[in-house]
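# fold the following.
(2 chains)
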Number of protein chains: 2
Amino acid sequence: MPNPIIILVRPQMGENIGAAARVMANFGLSELRLVAPRDGWPNFQAQAVAAHATHIIDAAKIYATTEEAVADLELVYATCCRMRDMEKPILTPRELMPQLNPYVRTGILFGPERTGLENPDMTRAAAHIFIPVNPEYQSLNLAQAVAVVGYEWFTTPSPLIPLPEGEGQSEAKGEGLATQEEVEGMLKHLETIMDAANFYQVPHKKPKMDQNIRNIFTRARLKSQEVNSLRGIFRAMGTKKD
Amino acid sequence: MPNPIIILVRPQMGENIGAAARVMANFGLSELRLVAPRDGWPNFQAQAVAAHATHIIDAAKIYATTEEAVADLELVYATCCRMRDMEKPILTPRELMPQLNPYVRTGILFGPERTGLENPDMTRAAAHIFIPVNPEYQSLNLAQAVAVVGYEWFTTPSPLIPLPEGEGQSEAKGEGLATQEEVEGMLKHLETIMDAANFYQVPHKKPKMDQNIRNIFTRARLKSQEVNSLRGIFRAMGTKKD
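Modelled structure (predicted):
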């Protein structure tokens, strides 16, 4: 049964990567991706701390950017420990896990130790995951955050998804979902058209406007077919001149 | 509101003590006790890893033995990750937390990194706590075990214990429970009497027999008054000669 992919974005300390790998093994998770680990790769400290979970470290895939790390995934969630000014559902790990569909390629983003995830990474997520912590002491260690998410995943009974015969089947399996690469391509397409249409009249407002638009489409869990329809609409709009 | 006391028994690595303190702070736990930490105390590594949770490290109490560390407590639980041949209830953290009574002084034991708790420590517990893990990779890091227990404590709504007027009140508050010191005194009393009565006919079976008897009384959650009654019975039995 496929399990969610743990994606550590710009992790700083090898010890934390190793500890995350170890606790992934404790809770039956196996696929680790790293975006631009600060101290390069391979990392001796990560190996040492992973103890007997070195198979997870050895199989970890390395990416230069979050965009590349999520390109083949159908759903992305992002952990956060402070509130963002974003229109995005916020779920606790316990609320999220029963919703995960084992037929959908799913990744969970964790940010760098010091700062957590940046907004451009957060916008890629269908929803944010908030781990409940003491408001007076919110700084949860990276591997401990992976532990809580892994623990909840492991202790949540896998949803039994009935697979009807025929037409409904691909729907139930979630096969129709677009990959992040398709969604990203569509968003870039849209931004180009908006730019050409002089939509961004106040240049310094562009990043925030882009973020708001991205949040709409990433939380919508688009199907491939919908992405194609949207691109068709954008194309039509893009060629229309006053 | 009092919260359960985290007791690390013979912890080996300062890093793990520090990481445990930090995650205690994340989940609103504040009282840490250490039984014979391997590298002595204070421990620089523990301080360094605890980050901003040094108040927990600074306030940690040090004991030479588990017996001393639990003497003033009314209920003790012990975490374990392998099955013991013991007559003791086994609960997951999620099952345990709703049962904790904030009016009862409660401690949770965690064993050394390599071996976990020894049987003599396990027998002190009213129940064992089993953290669900992947059976193929059970070795959970000490601080991660504290994390899961703390997370479950923090996310479990505190039971609202109605405090009736008058007679029932001390019962509801759990005030009647014996301390571990009282229970231990009674058990030693019983063992002396059994010894004098030649109960241990096969000497090498004594440790296992003592363990079985201790498990009966530790899981019984005795009241002070019951301990006194039992000691009266033992005294009467002890003086009766054939």
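# just the CA trace of whichever strand or helix holds residue A:217, in CSV.
Under the criterion of DSSP states H and E, residue A:217 resides in helix A:206-218. The C-alpha trace of helix A:206-218 is given here as CSV (Å, rounded to 0.1, in the frame of the first residue of the first chain):
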residue,chain,number,x,y,z
LYS,A,206,2.2,41.0,-7.8
PRO,A,207,3.6,38.4,-5.4
LYS,A,208,0.6,38.6,-3.1
MET,A,209,-1.8,38.5,-6.0
ASP,A,210,0.0,35.5,-7.5
GLN,A,211,-0.1,33.7,-4.2
ASN,A,212,-3.8,34.3,-3.8
ILE,A,213,-4.6,32.9,-7.2
ARG,A,214,-2.3,29.9,-6.7
ASN,A,215,-4.1,29.1,-3.4
ILE,A,216,-7.4,29.0,-5.3
PHE,A,217,-6.2,26.4,-7.7
THR,A,218,-4.0,24.3,-5.4
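# ok now that helix, how far from the chain's centre?
Put simply, helix A:206-218 sits 16 Å off its chain's centre (Cα atoms, centre = their mean, to the nearest Å).
# helices or strands next to that helix in the packing?
Helix A:206-218 sits against helix A:180-196, with contacts defined as 3 or more Cβ pairs under 8 Å, 6 or more residues apart in numbering or on different chains; DSSP states H and E. Backbone N, C-alpha and C define where each C-beta goes, glycine included.
# how far off centre is the helix it packs on?
Distance of helix A:180-196 from its chain centroid, counting by Cα atoms, centre = their mean, is 18 Å.
# cool, stretch A:150-158 as well?
Mean C-alpha position of stretch A:150-158 versus that of the full chain (Cα atoms, centre = their mean) differs by 18 Å.
# what's the answer for stretch A:107-119, then?
10 Å.
# contacts for that stretch next, please.
A:4-13, A:16, A:20, A:33, A:38, A:66, A:69-70, A:73, A:75-82, A:84, A:86, A:121, A:124-125, A:129, A:141-142, A:145-146, A:149, A:211 (Cβ atoms under 8 Å, 6 or more residues apart in numbering or on different chains).
# ChimeraX command for the buried members of those?
Per 16 or more other Cβ atoms under 10 Å in any protein chain shown, the buried members of these correspond to this ChimeraX selection:
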select /A:4,5,6,7,8,9,10,11,12,13,16,20,33,66,69,70,73,75,76,77,78,79,80,81,84,86,121,124,125,129,141,142,145,146,149,211
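# list the ones among the contacts of stretch A:107-119 that fall in strands.
The strands, defined by DSSP state E, take in A:5-9, A:33, A:75-80, A:129 from the contacts of stretch A:107-119.
# okay, these in CSV with distance to residue A:54 and pLDDT next?
Supplementary listing: the ones in strands among the contacts of stretch A:107-119 in CSV, determined by distance: Cβ to Cβ, whole Å; pLDDT from 0 to 100:
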residue, distance to residue A:54, pLDDT
A:5, 18, 98
A:6, 16, 98
A:7, 19, 98
A:8, 16, 98
A:9, 22, 98
A:33, 17, 98
A:75, 28, 94
A:76, 27, 96
A:77, 26, 97
A:78, 27, 96
A:79, 24, 95
A:80, 30, 85
A:129, 27, 95
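# which residue, other than its chain neighbours, is closest to residue A:212?
Counting by Cβ to Cβ, 6 or more residues apart in numbering or on different chains, residue A:212 lies nearest to residue A:87, which is 6.9 Å off, once chain neighbours are set aside.
# next, count neighbours for the one you found.
When neighbours are defined as other Cβ atoms under 10 Å in any protein chain shown, residue A:87 has 10 of them.
# the helix holding residue A:217: which residues count as buried?
Within helix A:206-218, judged by 16+ other Cβ under 10 Å, the buried ones are A:210-211, A:213-215, A:217-218.
# reformat those as JSON lines; add pLDDT and distance to residue B:99.
JSON lines is the format used below for the buried residues of helix A:206-218 (pLDDT from 0 to 100; distance: Cβ to Cβ, whole Å):
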{"residue": "A:210", "pLDDT": "88", "distance to residue B:99": "50"}
{"residue": "A:211", "pLDDT": "88", "distance to residue B:99": "45"}
{"residue": "A:213", "pLDDT": "88", "distance to residue B:99": "49"}
{"residue": "A:214", "pLDDT": "90", "distance to residue B:99": "46"}
{"residue": "A:215", "pLDDT": "90", "distance to residue B:99": "42"}
{"residue": "A:217", "pLDDT": "90", "distance to residue B:99": "46"}
{"residue": "A:218", "pLDDT": "90", "distance to residue B:99": "41"}
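# show me which residues of chain A sit near chain B.
Contact residues, chain A versus chain B (Cβ under 8 Å from any Cβ of the partner chain): A:19, A:22-23, A:25-28, A:51-53, A:92, A:94, A:131-134, A:137-141, A:143-144, A:147-148, A:151, A:154-155.
# going by distance to residue A:43, which of the buried residues of helix A:206-218 wins?
Nearest to residue A:43 among those is residue A:218, at 30.5 Å by Cβ to Cβ.
# correct me if wrong: that closest one contacts residue A:128.
No: between residue A:218 and residue A:128 there is no contact under Cβ atoms under 8 Å: 10.8 Å.
# quick check: neighbours shared by these two?
Taking Cβ under 8 Å, 6+ apart as the contact rule, residue A:218 and residue A:128 both touch residue A:88.
# any idea where the helices of chain A begin and end?
A:14-26, A:44-49, A:54-58, A:66-70, A:93-96, A:119-122, A:142-155, A:168-173, A:180-196, A:206-218, A:224-239 (DSSP state H).
# mind putting those in CSV, distance to residue A:112 included?
CSV is the format used below for the helices of chain A (distance: least, Cβ to Cβ, whole Å):
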stretch, distance to residue A:112
helix A:14-26, 10
helix A:44-49, 15
helix A:54-58, 18
helix A:66-70, 11
helix A:93-96, 20
helix A:119-122, 10
helix A:142-155, 8
helix A:168-173, 34
helix A:180-196, 20
helix A:206-218, 19
helix A:224-239, 30
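# going by mean pLDDT, which of these comes out lowest?
Ranked by mean pLDDT, those bottom out at helix A:168-173, which scores a mean of 55.
# distance of the residue nearest the centre of chain A relative to chain B?
What sits nearest the mean C-alpha location of chain A, by Cα atoms, centre = their mean, is residue A:76, with 2.9 Å. Distance, residue A:76 to chain B, by Cβ to the nearest Cβ, to the nearest Å: 23 Å.
# got the contact list for that residue?
Counted by Cβ under 8 Å, 6+ apart, residue A:76 has contacts A:70, A:106-109, A:124-126, A:180, A:218.
# which one among the residues you listed gets closest to chain B?
If you rank those by distance to chain B using Cβ to the nearest Cβ, residue A:108 comes first, at 16.5 Å.
# partner residues bridging the closest one?
residue A:6, residue A:77 (DSSP bridges).
# where's it relative to residue A:21, distance?
Distance check for residue A:108 against residue A:21: by Cβ to Cβ, to the nearest Å, it reads 14 Å.
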